[in-house]
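Colleague: got a predicted structure here, sequence first:
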Amino acid sequence: MPRDLAVGIHDLSFATGQLVLTHETLAARNGTELGKYHVGIGQRSMSVPAADEDIVTMGAVAAAPILARHGADRIRTVVFATESSVDQAKAAGIHVHSLLSMPSATRVVELKQACYGGTAALQFAIGLVHRDPSQQVLVIASDVSKYELDQPGEATQGAAAVAMLISADPALVRIEETSGVFTADIMDFWRPNYLTTALVDGKESVSAYLQAMDGAWKDYTEQGGRAFDEFAAFCYHQPFTKMAHKAHRALLESCGREVDEAEVVRAVGQTTAYNEEIGNSYTASVYLGLAALLDNADDLTGQAIGLLSYGSGSVAEFFAGVPVPGYRAHLRSEQHREAIARRRDIGYADYRERHQQAFPVDGGDHPAPRETTGPYRLAGLFGHKRVYEPR
Ligand code: HMG
């Protein structure tokens with residue numbers, strides 16, 4: 001296989017929950033100064049899934065336009081990354097495969113390592129395309145992030161799915177082969193199987209993130225990666241968007257640079273627009289950052305973008321992507337802005353009620369309320385089986 005074969009992101013599309021809670025509402029009701037949310041953590045609103053939406057429906061909504069544009073004939077693998085899985089055995093991607101009527105000659109699998117799972121899926125997909133460049137891989141990263149009410153993590157919740165088509169000769173972004181990786185066994189954030197909300201040591205998780213980033217960057221350098229000055233912008237995993245600023249300051253320090261706030265804003269400022277409005281979408285977050293950059297920045301053709309993926313627990317990876325000539329003609333900027341703009345604002349009482357709701361686990365028939373206006377919905381839980389349908 002030629003080592004210089006260009007492989008990367010051929011198409012990228014995201015979807016988010018249909019409901020929204022603003023931080024203005026949250027702050028007014030829990031007595032927090034709004035500046036802490038808007039400036040301190042850099043969040044303005046959080047997406048909330050409708051009662052008949054989940055990681056599967058968001059994944060299908062994100063992937064459908066990709067299949068409409070490119071067809072499914074060359075896709076032989078679907079990798080679904082999530083940490084808010086709906087089943088311990090069956091891959092959520094099989095429901096998406098079915099909703100989108102994909103060919104049976106497909107392998108479908110689910111991947112997990114906290115927020116890093118989306119990047120693992122991307123890297124594994126690139127490996128498959130290198131093995132057979134005639135094939136494409138559909139990567140879906142989809143998550144609903146949920147913390148306990150009235151805890152610091154609550155303000156960082158969100159929901160979104162990113163779908164990416166990985167292929168040879170990509171139309172959007174070529175992913176370079178050099179990668180820096182880092183793993184450390186740490187309990188900064190986790191969710192035991194019996195809980196629906198994540199547990200987190202907030203401050204510890206921020207230092208674990210920065211430590212992992214430093215480790216991944218050092219490994220990237222040792223592997224012969226690009227020099228810091230070669231990057232036009234940096235997309236960091238954004239559990240809250242101010243984390244991207246913290247990460248870039250730490251990277252500057254690690255590279256022996258002076259921390260200049262204008263330089264930090266220049267490097268990360270155009271990557272945060274979607275995550276500020278959506279909240280933490282775990283596996284999808286760093287790719288929402290990439291989408292925001294591609295959709296909003298001036299022409300980046302041929303310029304290196306640094307990507308830093310972090311998943312608590314913890315694993316980090318630093319790698320580079322380079323937008324290819326003509327990429328702007330293939331973006332879905334309108335669709336992305338529209339997905340955010342059309343969300344329905346829910347009040348505080350409604351939000352809290354939804355937060356505490358779950359399907360009964362008695363094995364009975366529990367239809368979901370008809371709520372989403374999207375093309376796919378969760379019909380409900382019937383005899384312990386999740387059933388999905390076109391709306
Ligand atoms: P907190 O205790 O609510 O907030 O927790 P704080 O007191 O640390 O304040 C946050 C910032 O707001 C501070 O700035 C304050 O100064 C500032 P900083 O010191 O950070 O620069 N502030 C204000 N600014 C302007 N006007 C004001 C004002 N008041 C305060 N009036 C924390 C914050 C992030 C810990 C919390 O939200 C949390 O626990 N979040 C969940 C965990 C998390 O997101 N961790 C991030 C790293 S781990 C990760 O990324 C992985 C993850 O995505 C999961 C996965 O991998 O699966 C989470």
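Modeller: In hand now; what should we look at?
Colleague: over to the closest residue to A91 other than its chain neighbours. Which of the three states is it?
Modeller: Spatially, and ignoring its direct neighbours in sequence, A91 is nearest to E110 (3.8 Å; Cβ to Cβ, 6 or more residues apart in numbering). Just so you know, the C-beta spots here come from the backbone N, C-alpha and C atoms, and that holds for glycine as well. With DSSP: H, G, I helix; E, B strand; the rest coil as the basis, the three-state label of E110 is strand.
Colleague: quick check: E110 vs the ligand, distance?
Modeller: To the ligand, E110 is 15 Å away according to Cβ to the nearest ligand atom, to the nearest Å.
Colleague: assign whichever residue of the stretch 1-150 of the chain sits closest to the ligand to helix, strand or coil.
Modeller: Nearest residue of the stretch 1-150 of the chain to the ligand, counting by Cβ to the nearest ligand atom: G40, 2.0 Å away. Per three-state DSSP, the secondary structure class of G40 is helix.
Colleague: sorry, back to before: who does the residue nearest to A91 bridge with?
Modeller: E110 has these beta-bridge partners by DSSP bridges: F80.
Colleague: quick one: it and T82 touch, right?
Modeller: Yes: with contact defined as Cβ atoms under 8 Å, E110 reaches T82; the gap is 6.6 Å.
Colleague: more neighbours: the two, which one.
Modeller: For E110 versus T82, neighbours defined as other Cβ atoms under 10 Å are more numerous around T82 (27 against 22).
Colleague: quick one: residues contacting the residue nearest the centre of the chain.
Modeller: Centroid-nearest residue in the chain: A284, 0.6 Å away (criterion: Cα atoms, centre = their mean). Counting by Cβ atoms under 8 Å, 6 or more residues apart in numbering, A284 touches F14, G118, A141, S142, D143, A160, A161, V162.
Colleague: how close does it sit to A159?
Modeller: Here the criterion is Cβ to Cβ, to the nearest Å. By it, A284 lies 9 Å from A159.
Colleague: over to L290?
Modeller: 18 Å.
Colleague: which of those two has more neighbours?
Modeller: A159 (31 against 24).
Colleague: apart from its neighbours in sequence, what residue is nearest the more buried one?
Modeller: Among residues not flanking A159 along the chain, G17 sits closest, at 4.0 Å (Cβ to Cβ, 6+ apart).
Colleague: what is in contact with E110 and T82 at once?
Modeller: Shared contacts of E110 and T82 (Cβ under 8 Å, 6+ apart): A92.
Colleague: how far does stretch 37-46 stretch from start to finish?
Modeller: For stretch 37-46, the first-to-last residue distance is 11 Å (Cα to Cα, to the nearest Å).
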